[in-house]
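Asker: Predicted model, plus sequence, below.
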Amino acid sequence: MIRSEKTRALAMLAAVLAIALAWSVPLAAQAPLNDWSRYAVHDGHVHLTNYIQEGPTAREFLKVMGDKVGRATLFGLPLQQMWSHGNTGDYAPTYYLQTDAPLYYYSFTDAYIAMQYKSLTPEEQARFDPMITGFNPADMYAADHIRRVLTTFPGVFVGIGEFSIHKEFVSAKIAGGPASLTDPALDRLFDFAGEVGLVAILHSDADVPFPKPNQEPWQILQLRDLFLRHPKATVIWAHIGVGRVVRPVQDQIGIIERALNNPALSHVYFDISWDEAAKYLVATPETIQRGAGLINRFPDRFLFGTDEVAPTDQAKYLKTYDIYAPLFAKLTPEASEKVRKGNYERLFDEARRRVRAWEKANVLNK
Ligand SMILES: [Zn+2]
């Protein structure tokens, strides 16, 4: 009797110890949430909201990022798809390809993003880098909008974009007409971004959707000139300029390699976001080899992004990351780490530092 009670007590003690160990060991071994070494990747290009300004809250999105994605840019979409009853009747379009009705610049997105960010705890905020997008890049007043957003919401934003100049099927639908890479309004924007230290994520297709053979790639030439005019701005060229239909221009890897070798373009970075861009880079073993070779030669200049819109499900959210697995496998460990996290941390930490300093000098002391 005494013996069996003793055995039972010992068994109970062992069970309690086992439970205590099971709880305490993983907790003790776990690094804090803001230790980026915990995560596989940062997301340099993702949209919290869709073309009708709907999507998860920032806190819900944090759950989708989970233990895989450490940090992410925080922006919605600058363009709102109008529901024109005269065009689609009772059918409510949620995407720009579902209607002929125009898109228009929805400036409230900046206030929405700022309030989402401000609703988070400081620890949660550390995982986001909010961006200003609600301006028309063809408007000479665009830079003034950005200044106003920084003044209204100091301590929040670190960049501008993703904003688009040439985007297949989108630019032509924008109310008020398309933007242009040669517009002085864009020069004012980049001058201001350079002065403040805002990172700029720019989408501009490398080519038109269906070029004739040997057609001049005027878009890529105008883009190069724009970048050359603004050496003080930190620019991320979204999707390396390709799209759903816009294919890489002839010798695109050669063009990018020349740009990477040009010291006058050392402020330009490339994001490999969007599954529609990934499909070109992982199309064949040769494209993977060429793409990986380029990134290995210039590991400081590329960033990963998902370009997912309003993500609510982690598996779907990480689709583009999974598509890139064969490319990541061909990178050196150093290049892989930089594309997935290191370059993001370097660029956005610097933007945080510079924009907060600009606000201190220009907003908070006024
Ligand atoms: Zn995007």
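Answerer: Looks like it came in fine. All values reported here derive from a predicted model rather than from experimental measurement. Numbers count the residues shown, from 1 in each chain.
Asker: Now do the phi/psi pair for the residue lying closest to Tyr104 once chain neighbours are set aside.
Answerer: In space, and not counting its chain neighbours, Tyr104 is closest to Ala175: 4.3 Å by CB to CB, 6 or more residues apart in numbering. Placement of C-beta: from N, CA and C, glycine included. Ala175 adopts backbone torsions of phi -60, psi 130, taken as degrees, to the nearest 10.
Asker: Quick check: Ala175 vs the ion, distance?
Answerer: 20 Å (CB to the ion, to the nearest Å).
Asker: Next, count neighbours for that residue.
Answerer: 13 (other CB atoms under 10 Å).
Asker: Please apply the same query to Ser171.
Answerer: 19.
Asker: Give me every residue in the stretch 51-200 of the chain lying close to the ion.
Answerer: The stretch 51-200 of the chain comes close to the ion at residues Glu162, as judged by CB under 5 Å from the ion.
Asker: ok, now with 8 Å
Answerer: Residues of the stretch 51-200 of the chain found near the ion (CB under 8 Å from the ion) are Leu77, Glu162.
Asker: OK, now which residue of the stretch 51-200 of the chain is nearest to the ion?
Answerer: Glu162 (4.6 Å; CB to the ion).
Asker: Quick check: closest non-adjacent residue to that residue.
Answerer: Nearest to Glu162 is Ile201, by CB to CB, 6+ apart, at 4.4 Å.
Asker: likewise Val339?
Answerer: In space, Val339 is closest to Phe302, 4.9 Å off (CB to CB, 6+ apart).
Asker: wait, doesn't the one you found sit right on Glu337?
Answerer: No - if you go by CB atoms under 8 Å, Phe302 and Glu337 don't touch, sitting 11.9 Å apart.
Asker: Specify which residue of these two has the higher count of neighbours.
Answerer: Comparing Phe302 with Glu337 by other CB under 10 Å, the one with more neighbours is Phe302, at 24 against 14.
Asker: give me phi/psi at the more buried one?
Answerer: The phi/psi pair for Phe302 (degrees, to the nearest 10) is phi -120, psi 140.
Asker: Report the contact partners of it.
Answerer: Tyr269, Phe270, Asp271, Ile272, Ile295, Lys338, Val339, Asn343 (CB atoms under 8 Å, 6 or more residues apart in numbering).
Asker: Mind putting the residues you listed into JSON lines with secondary structure, pLDDT and distance to the ion?
Answerer: Supplementary listing: the contacts of Phe302 in JSON lines, determined by DSSP: H, G, I helix; E, B strand; the rest coil; pLDDT from 0 to 100; distance: CB to the ion, whole Å:
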{"residue": "Tyr269", "secondary structure": "strand", "pLDDT": "97", "distance to the ion": "15"}
{"residue": "Phe270", "secondary structure": "strand", "pLDDT": "95", "distance to the ion": "14"}
{"residue": "Asp271", "secondary structure": "strand", "pLDDT": "94", "distance to the ion": "9"}
{"residue": "Ile272", "secondary structure": "coil", "pLDDT": "94", "distance to the ion": "12"}
{"residue": "Ile295", "secondary structure": "helix", "pLDDT": "96", "distance to the ion": "20"}
{"residue": "Lys338", "secondary structure": "helix", "pLDDT": "98", "distance to the ion": "21"}
{"residue": "Val339", "secondary structure": "helix", "pLDDT": "98", "distance to the ion": "18"}
{"residue": "Asn343", "secondary structure": "helix", "pLDDT": "98", "distance to the ion": "18"}
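Asker: out of those, which is most surrounded?
Answerer: Busiest of these [other CB under 10 Å] is Val339, holding 28 neighbours.
Asker: thinking it is in contact with Phe304, fair?
Answerer: Yes - the pair Val339 / Phe304 is scored as a contact, 5.5 Å apart, by CB under 8 Å.
Asker: Many thanks, I have nothing further to ask.
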